[in-house]
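Undergrad: sequence first, then the predicted structure:
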Amino acid sequence: MGAIEFREHDERLQAATRKLDGKVAKRRARVCPADATLLSEDGSCGVCGRRLTPPSVDLSTMTPQQRKTAIESGIVPPATEGLSEQEKKQAAFWQRYRAKHPDAQQAKPPKPTLTEKASKFFRTEVTVGPNGERIETQRLVEMSG
């Protein structure tokens with residue numbers, strides 16, 4: 001015996017399906033079709049090196065910081081509608097910069113690991129044990145405040 005379905009349940013299911021379809025389409029637009037890895041901000045694939053056109057950007061839904069990041073990464077061309085004069089100048093600068101320096105990557109410094117962060121607060125003392133073995137001890141650094 002099958003379950004009884006009501007119209008509102010079907011409507012909720014359809015709404016959820018439409019919402020999921022939009023998310024999948026956005027995700028698919030940012031994935032390389034050759035090797036299924038995420039594309040970088042400028043639309044290039046880190047694995048195969050293909051350069052695909054990035055999906056169009058809706059500036060009206062972006063925060064000022066997101067707009068700045070999109071302009072600096074080259075996603076937004078200078079002639080895009082809705083840019084202020086300063087943003088158009090910045091977009092034109094980044095477009096010229098990328099044309100002159102195609103190999104330049106905006107490298108982000110690697111984030112320090114938890115061990116590296118913690119090592120700032122410890123110092124290593126080396127002592128010799130009773131059998132001549134080397135013993136390393138981690139001691140907290142004295143903080144003067």
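TA: Happy to help now that I have it.
Undergrad: and the next element down the chain from the helix or strand bottoming out on mean pLDDT in the chain?
TA: Ranked by mean pLDDT, DSSP states H and E, the weakest helix or strand in the chain is helix 7-29, scoring a mean of 76. Sequence order places helix 64-72 as the next helix or strand after helix 7-29, per DSSP states H and E.
Undergrad: what's residue 94 in contact with, if anything?
TA: Residue 94 makes contact with 71, 72, 73, 74, according to Cβ atoms under 8 Å, 6 or more residues apart in numbering. The C-beta positions use only the backbone N, C-alpha and C, and glycine is treated the same way.
Undergrad: now name the helix or strand holding it.
TA: helix 85-100.
Undergrad: what's the next secondary structure element after that helix?
TA: In N-to-C order, the element after helix 85-100 by DSSP H and E is helix 114-119.
Undergrad: now the contacts of residue 94 as a markdown table including pLDDT, distance to residue 137 and neighbour count?
TA: As requested, those are exported to a markdown table (pLDDT from 0 to 100; distance: Cβ to Cβ, whole Å; neighbours: other Cβ atoms under 10 Å):
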| residue | pLDDT | distance to residue 137 | neighbour count |
| --- | --- | --- | --- |
| 71 | 83 | 52 | 26 |
| 72 | 83 | 47 | 16 |
| 73 | 77 | 47 | 16 |
| 74 | 76 | 51 | 17 |
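Undergrad: that older thread, only the buried residues of the least confident helix or strand of the chain, if you could.
TA: The neighbour-count check on helix 7-29 (16 or more other Cβ atoms under 10 Å) flags nothing as buried.
Undergrad: any stretches of the chain with poor pLDDT?
TA: The model of the chain has pLDDT under 70 over residues 1-4, 22, 41-42, 53-56, 103-108, 144-145.
Undergrad: the residue nearest to residue 31 when sequence neighbours are not counted: what's it in contact with?
TA: For residue 31, ignoring the flanking residues on the chain, the nearest one in space by Cβ to Cβ, 6 or more residues apart in numbering is residue 38 at 6.1 Å. When contacts are counted by Cβ under 8 Å, 6+ apart, residue 38 touches 30, 31, 32.
Undergrad: select only the buried ones of those in PyMOL?
TA: To isolate the buried members of the contacts of residue 38 in PyMOL, using 16+ other Cβ under 10 Å:
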select buried, resi 32
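Undergrad: nothing else from me, thank you.
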